[in-house]
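Asker: Sequence and predicted structure, then a few things I'm wondering about:
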Amino acid sequence: GFGVAKNLCSWAVDGKNCTVNEHVSSTLQAFHSAKKPIGLCCISPVLAAKVFPGCEVTVGQDKNVDGRFPDAETAAAIAELGCKHICKNVNESHVDKANKIVTTCAFMCKAPLHEIFDGIGTMVQEVLKLA
């Protein structure tokens with residue numbers, strides 16, 4: 001969650017102009033080079049957007065649908081980084097098969113915990129399918 005945006009990168013302060021922690025970036029690149037699947041939820045898909053130009057990720061919706069997606073502008077920032085944002089509901093995940101990256105929005109959506117749980121569950125299932 002917010003720890004990613006503050007501690008693993010500088011997204012909380014710098015948005016799309018953020019830097020990613022060197023160890024985090026090198027670990028993600030090592031997983032990618034080894035063709036291991038990567039699962040990211042909540043705000044952490046922005047790490048993939050910074051480290052893997054052209055990848056596909058989701059942080060939910062690109063519009064604040066019914067007030068459930070207050071950080072919907074994150075989708076536009078991801079697109080500005082040269083990546084493709086895929087709109088998904090909170091109980092869904094997106095699989096970028098080419099890069100073996102699975103993402104879900106989790107707490108980027110104001111939703112009941114069981115819906116967030118379901119989305120994270122689909123992310124885990126999809127990561128395991130790619131393993």
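Answerer: Looks like it came in fine. Keep in mind it's a predicted model, so treat the numbers as computed, not measured.

Asker: Name the residue most distant from the centre of the protein?
Answerer: In terms of distance from the mean C-alpha position of the chain, Asp66 ranks first, at 21.3 Å (CA atoms, centre = their mean).

Asker: which residues of the protein fall in helices?
Answerer: 2-3, 11-14, 22-33, 45-51, 73-80, 113-130 (DSSP state H).

Asker: Show me what the fourth one is in contact with.
Answerer: In other words, helix 45-51. Residues outside helix 45-51 that contact it (CB atoms under 8 Å, 6 or more residues apart in numbering) are 4-5, 8-9, 11, 18, 20, 24-25, 28-29, 32, 38, 40, 55, 57-59, 74, 77-78, 81, 83, 99, 101, 103. In this view, the C-beta of every residue, glycine as well, is placed from N, C-alpha and C.

Asker: Same check on the shortest one?
Answerer: Taking contacts as CB under 8 Å, 6+ apart, the residues outside helix 2-3 that touch it are Ala12, Ile43.

Asker: Mind checking the pLDDT average for it?
Answerer: For helix 2-3, the mean pLDDT works out to 86.

Asker: so how far is it off the chain centroid?
Answerer: Relative to its parent chain, helix 2-3 has a centroid offset of 13 Å by CA atoms, centre = their mean, to the nearest Å.
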